[in-house]
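Asks: Next one to model:
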Amino acid sequence: MTSSIGHWIDGRLDDAPAARTSPVYNPATGVQTAEVALATPDSVVRAVASARAAAPLWGRTPLSRRAAVLFEFRELLHARADELAAIVTAEHGKVLADAAGEVARGLENVEYATGVPHLMKGGYSEQASTGVDVYSIRQPLGVVAGITPFNFPAMVPLWMCANAIACGNAFILKPSEKDPSASLWLARLWQEAGLPDGVFAVLQGDKVAVDGLLEHPDVSAVSFVGSTPIARYIYERGTAAGKRVQALGGAKNHMVVLPDADVEMAADAAVSAGYGAAGERCMAISVVITVGDVGDDLVAAIARRLPAIAVGDGAQPGVEMGPLITAEHRDRVAGYIDQGAEAGARVVVDGRLTPMPAGGFFLGPTLLDGVTPEMTVYRDEIFGPVLGVMRCATFDEALAVVNANPYANGTALFTRDGGAARRFQSEVEVGMVGINVPIPVPVAYYSFGGWKASLFGDSHMYGPEGVNFYTRGKVVTSRWPDPATSAVDLGFPRTR
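Replies: Residues are numbered from 1 along each chain as shown. Below is the predicted model of the structure:
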């Protein structure tokens with residue numbers, strides 16, 4: 001018996017019958033658990049109309065009151081984090097520890113947004129000219145939307161909605177139809193925290209919902225995280241409609257290991273960053289570049305660790321890597337193993353041979369050596385547990401490889417050489433850089449985003465850039481009569 005998952009509009013579950021639905025699975029068992037409604041054009045209109053009606057009053061709500069709602073939401077989320085993590089694991093498949101980490105990183109963004117009275121402060125210049133003061137203010141946009149990916153069904157929505165709501169906007173979330181339940185859980189939590197109805201809405205769906213939000217004239221801004229082709233589509237379609245758009249695309253993240261690096265430390269980092277969440281994250285390391293003679297030792301160290309990774313149902317204790325999101329995606333990722341071998345890469349560990357539970361969408365950790373830039377396993381964003389190793393003779397050669405890649409989301413360098421690290425962070429053409437840190441996701445009071453084909457638009461996600469994205473700046477120039485002269489100027493006797 002499957003359940004039904006619908007939209008959240010105007011503070012309640014939408015009871016309109018679903019004209020179209022899509023199946024939702026537990027990827028660890030392969031069993032369908034629910035049907036999710038897919039929005040129609042009418043669903044989009046109703047969701048936007050509700051948000052449009054709620055936005056003005058929320059935008060005029062005092063900052064202290066908005067902060068109070070954010071603080072309450074933060075407390076509820078902190079207290080019930082395990083509940084949300086379990087929902088993520090059941091529909092995405094990542095292990096509970098990874099799901100709990102996802103919730104924790106989302107919570108950081110909520111905590112940042114609770115500081116909205118400070119974040120919304122403008123500047124003030126007294127006496128910019130005689131009797132003239134100039135000051136700046138930031139105001140909400142109105143109705144904004146977030147289109148989020150399947151791989152982080154809790155964290156990425158919190159990247160967006162916490163700042164958007166704190167800044168005084170009404171927010172419409174369009175989550176992935178593959179794991180939609182976390183979105184409704186967040187909706188109920190916002191309501192419990194005291195957020196007025198209509199300020200947070202959930203519109204389930206596919207391209208119909210996306211296009212409806214991009215085209216609707218009352219949606220002022222759209223945030224997106226996903227693949228590069230869709231990010232480009234969102235950016236071009238949204239900006240053509242006159243909207244503000246931030247669109248984060250795909251990645252091909254490199255980890256460069258220099259000969260002086262601690263090999264065991266680098267191997268641990270490569271395994272956790274390459275295979276965590278089954279490689280289904282935009283900050284996963286997918287290519288390790290070894291420099292000089294460190295390659296053989298590092299490949300052997302990584303290979304030794306892979307048989308010990310427990311693959312299975314992420315809800316079960318002791319499991320370290322769960323399934324992929326769908327059978328189709330699992331088969332697509334597995335196809336890259338043969339593609340790599342046919343192109344000349346050496347299959348050091350074949351994840352298709354890993355013992356795994358029956359029924360789920362599993363693929364074991366895979367390691368390819370001798371990868372080159374011409375191979376599809378290097379060019380494509382695989383988004384699965386396939387780690388490639390490339391050999392470079394020098395630091396300069398490795399840096400050139402990273403900089404030549406069209407993706408520029410995240411990268412990492414492992415070394416003991418401070419000079420090499422300083423040069424790398426300065427010269428690498430990538431938006432987020434780790435030094436002996438394999439997944440350099442910024443903390444909430446910085447902002448997240450890559451360069452080149454990993455970002456469309458000029459605004460990164462969350463942090464200070466998120467506040468700027470969800471507000472418009474306004475500068476006021478004012479002049480008031482001087483109290484010492486105003487009485488004379490008005491024709492009245494001057495009094496002292």
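Asks: that's a strand at residue 229, yeah?
Replies: No - remark: residue 229 does not belong to a strand; assigned using DSSP: H, G, I helix; E, B strand; the rest coil, it is helix.
Asks: For residue 287, see how far away it is.
Replies: Applying C-beta to C-beta, to the nearest Å, one obtains 20 Å for the distance of residue 229 from residue 287. C-beta: built from backbone N, CA, C; applies to glycine.
Asks: which one of the two has more residues nearby?
Replies: residue 287 (23 against 11; other C-beta atoms under 10 Å).
Asks: check contacts around that one.
Replies: Taking C-beta atoms under 8 Å, 6 or more residues apart in numbering as the criterion, residue 287 is in contact with 252, 253, 254, 255, 371, 378, 387, 388, 389, 390.
Asks: tell me the mean pLDDT for the helix or strand where it lies?
Replies: Under DSSP states H and E, the secondary-structure element containing residue 287 is strand 285-291. Mean per-residue pLDDT for strand 285-291: 98.
Asks: Tell me the first helix or strand C-terminal of that strand.
Replies: helix 295-305.
Asks: Output the below-cut-off pLDDT ranges for the chain.
Replies: Judged against pLDDT under 70, the low-scoring parts of the chain cover residues 1, 483-496.
Asks: redo that, cut-off 50
Replies: 488-490, 492, 494-496 (pLDDT under 50).
Asks: Which elements pack onto the longest helix along the chain?
Replies: Secondary structure of the chain read by DSSP state H shows that its longest helix is helix 41-60. Helix 41-60 sits against strand 8-9, strand 132-140, strand 143-147, strand 170-174, strand 200-202, helix 207-215, with contacts defined as 3 or more C-beta pairs under 8 Å, 6 or more residues apart in numbering; DSSP states H and E.
Asks: redo that, cut-off 6 Å
Replies: strand 8-9, strand 143-147, strand 170-174 (3 or more C-beta pairs under 6 Å, 6 or more residues apart in numbering; DSSP states H and E).
Asks: mind saving the C-alpha coords of that helix as PDB?
Replies: Extracted as PDB, the C-alpha positions of helix 41-60 are listed here (Å, rounded to 0.1, in the frame of the first residue of the first chain):
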ATOM      1  CA  PRO A  41      -0.300  24.800 -14.400                       C
ATOM      2  CA  ASP A  42      -3.300  25.400 -12.100                       C
ATOM      3  CA  SER A  43      -1.300  24.100  -9.100                       C
ATOM      4  CA  VAL A  44       1.400  26.700  -9.900                       C
ATOM      5  CA  VAL A  45      -1.100  29.500 -10.100                       C
ATOM      6  CA  ARG A  46      -2.600  28.600  -6.800                       C
ATOM      7  CA  ALA A  47       0.700  28.300  -5.000                       C
ATOM      8  CA  VAL A  48       2.000  31.600  -6.400                       C
ATOM      9  CA  ALA A  49      -1.300  33.300  -5.600                       C
ATOM     10  CA  SER A  50      -1.100  32.200  -2.000                       C
ATOM     11  CA  ALA A  51       2.500  33.300  -1.600                       C
ATOM     12  CA  ARG A  52       1.800  36.600  -3.300                       C
ATOM     13  CA  ALA A  53      -1.000  37.300  -0.800                       C
ATOM     14  CA  ALA A  54       1.200  36.400   2.200                       C
ATOM     15  CA  ALA A  55       4.400  38.200   1.100                       C
ATOM     16  CA  PRO A  56       3.500  41.900   1.800                       C
ATOM     17  CA  LEU A  57       2.500  41.400   5.400                       C
ATOM     18  CA  TRP A  58       5.500  39.200   6.100                       C
ATOM     19  CA  GLY A  59       7.700  41.700   4.400                       C
ATOM     20  CA  ARG A  60       6.500  44.400   6.800                       C
END
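Asks: any chance of the helices and strands packed on helix 41-60 in TSV, with distance to residue 397 and mean neighbour count too?
Replies: Below are the helices and strands packed on helix 41-60 laid out as TSV (distance: least, C-beta to C-beta, whole Å; neighbours: other C-beta atoms under 10 Å):
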stretch	distance to residue 397	mean neighbour count
strand 8-9	52	24
strand 143-147	38	28
strand 170-174	43	29
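Asks: could I get those strands as JSON lines with distance to residue 106?
Replies: Conversion of the helices and strands packed on helix 41-60 to JSON lines gives the following (distance: least, C-beta to C-beta, whole Å):
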{"stretch": "strand 8-9", "distance to residue 106": "18"}
{"stretch": "strand 143-147", "distance to residue 106": "13"}
{"stretch": "strand 170-174", "distance to residue 106": "13"}
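Asks: what about these, which gets the closest to residue 74?
Replies: Distances from residue 74 to each of the helices and strands packed on helix 41-60 were compared using C-beta to C-beta; the shortest belongs to strand 170-174, at 16.3 Å.
Asks: Find the residue at the geometric middle of this protein.
Replies: Centroid-nearest residue in the chain, with C-alpha atoms, centre = their mean: residue 156, separated by 4.0 Å.
Asks: quick one: that one and residue 148 touch, right?
Replies: Yes - applying C-beta atoms under 6 Å, one finds residue 156 in contact with residue 148, separated by 4.5 Å.
Asks: Quickly list what's touching both of those two.
Replies: Residues touching both residue 156 and residue 148 (C-beta atoms under 6 Å, 6 or more residues apart in numbering): residue 225.
Asks: what about stretch 167-177, how long is it end to end?
Replies: End-to-end distance for stretch 167-177, by C-alpha to C-alpha, to the nearest Å: 27 Å.
Asks: what residues does it touch?
Replies: Among residues not part of stretch 167-177, those counted as contacts by C-beta under 6 Å, 6+ apart are 22, 36, 47, 51, 54-55, 58-59, 140-141, 143-150, 157, 161, 164-165, 183, 199-203, 206, 209, 470-471.
Asks: Can I have the buried ones of these as a PyMOL selection?
Replies: In PyMOL, the members of the contacts of stretch 167-177 classed as buried (16 or more other C-beta atoms under 10 Å) are selected with the following command:
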select buried, resi 22+36+47+51+54+55+58+59+140+141+143+144+145+146+147+148+149+150+157+161+164+165+183+199+200+201+202+203+209+470+471
